[in-house]
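>>> Sequence and predicted model, in that order:
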Amino acid sequence: MTTFWSPVWLSIKVSLFAGLIVAVLGTAAARRMARRRFRGKTVVETVFMLPLVLPPSVVGFLLVVLFGRHSPIGRWIEASFHTTVLFTPGAAVMAAVVVSFPLMYQAAKAGLEAVDPTIEGAARIDGANERQVFWHISLPLARHALLSGAVLSFARSLGEFGATLMFAGNIPGKTQTIPTAVYMAMESGRMEFAWAWVAVTIGLSFSLLAFATKLGRLRE
C-alpha cells in the first residue's frame, strides 16, 4: 500500500505547493498587466502564456538548461546552498509552477479586468490608495475568477508529466508522481497499479473541474 499511495501523496503535495506559488505569482502578474498598455506588453504576455502551448518535454528541457548543475544558476545554488534542484521534489514543484502559471494568470487577468472601474474610481476618490483598492475592492470582486484559476492550476499540476519527468525524474518515494508512476507501471506490465492510479487521478480531476465549473457559473 505504501508503494501505491506514495505517488498520490507526493502529487497532491506538489500540486498544493505549486498552486500556492502560482496563485501569488499569477495574481501579482495579472494585477500589473490588467488594463495597462505599454510597449512590449504583447511580448510579455506571450512569454507568460508560452508554457501553455509548448510541449511539456520542451519545458522540462529548458528547466534543466536553466537550473541544471552545469548552468550558472545551478552552480550558484550548489555553491551557496550545497544542494542541487535537479531530481528533487523541489524540481517537481518548479515544473508544476511553470506549466500551470498561464492558467492562473489568464483567469486572474480576466477576473480583475471584469471589475467595474467606476467602483475602483469611487474608492480612489474617497482617499483609498492603490494597495487598498486592490485588497478591498478588486480582489474580493474577482475572487471567483481567482479561485477558479487556482483550482485549474492545481488540476494541471496534478497531471503534469513531461516537464516533471525531465526535470525531477522518476525516483520512487522521492519524485515519482502519479503520471510518472502510471508510465512506469505500464512499462513494467503492472496494469492493476496503472488502472488504480488512473482512477484516483480521474476522481480528483473530475472533482476539481466540477468545482471550477461551479465557480464559473457564480461569476455570471
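Arrived safely. Remember, it's a predicted structure, so these values are computed and weren't measured experimentally. Residues are numbered from 1 along each chain as shown.

>>> Let me know the pLDDT of G68.
For G68, the model assigns a pLDDT of 86.

>>> Is it in contact with G74, as I believe?
Yes - between G68 and G74 a contact is recorded at 4.9 Å, counting by C-beta atoms under 8 Å. No exception for glycine: its C-beta is placed from N, CA and C like everyone else's.

>>> shared neighbours, the two?
By C-beta atoms under 8 Å, 6 or more residues apart in numbering, G68 and G74 have these common neighbours: L86.

>>> just checking, what's the longest helix in the protein?
Across the chain, the helix with the greatest residue count (assigned by DSSP state H) is helix 2-33.

>>> and the worst-scoring helix or strand of the chain on mean pLDDT, what does it pack onto?
In the chain, the helix or strand scored least confidently by mean pLDDT, DSSP states H and E is helix 191-219, which has a mean of 84. Under the contact definition 3 or more C-beta pairs under 8 Å, 6 or more residues apart in numbering; DSSP states H and E, helix 191-219 sits against helix 2-33, helix 143-158, helix 178-187.

>>> For the one helix or strand A163 maps to, buried residues please.
Per DSSP states H and E, A163 falls inside helix 162-167. Neighbour-count burial for helix 162-167 flags 162-167 (criterion: 16 or more other C-beta atoms under 10 Å).

>>> For that helix, C-alpha coordinates in CSV please.
Taking C-alpha atoms only, helix 162-167 is exported to CSV below (Å, rounded to 0.1, in the frame of the first residue of the first chain):
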residue,chain,number,x,y,z
GLY,A,162,6.7,15.6,-19.4
ALA,A,163,8.4,18.5,-17.6
THR,A,164,8.4,16.6,-14.3
LEU,A,165,10.0,13.5,-15.8
MET,A,166,12.8,15.5,-17.5
PHE,A,167,13.5,17.9,-14.6
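
>>> show me what contacts V93?
14, 17-18, 21.

>>> which among the residues you listed end up buried?
Among the contacts of V93, the ones that count as buried by 16+ other C-beta under 10 Å are 14, 17-18, 21.

>>> Just put the contacts of V93 in TSV and tack on distance to R131.
Output for those, formatted as TSV (distance: C-beta to C-beta, whole Å):
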residue	distance to R131
V14	32
F17	26
A18	26
I21	21
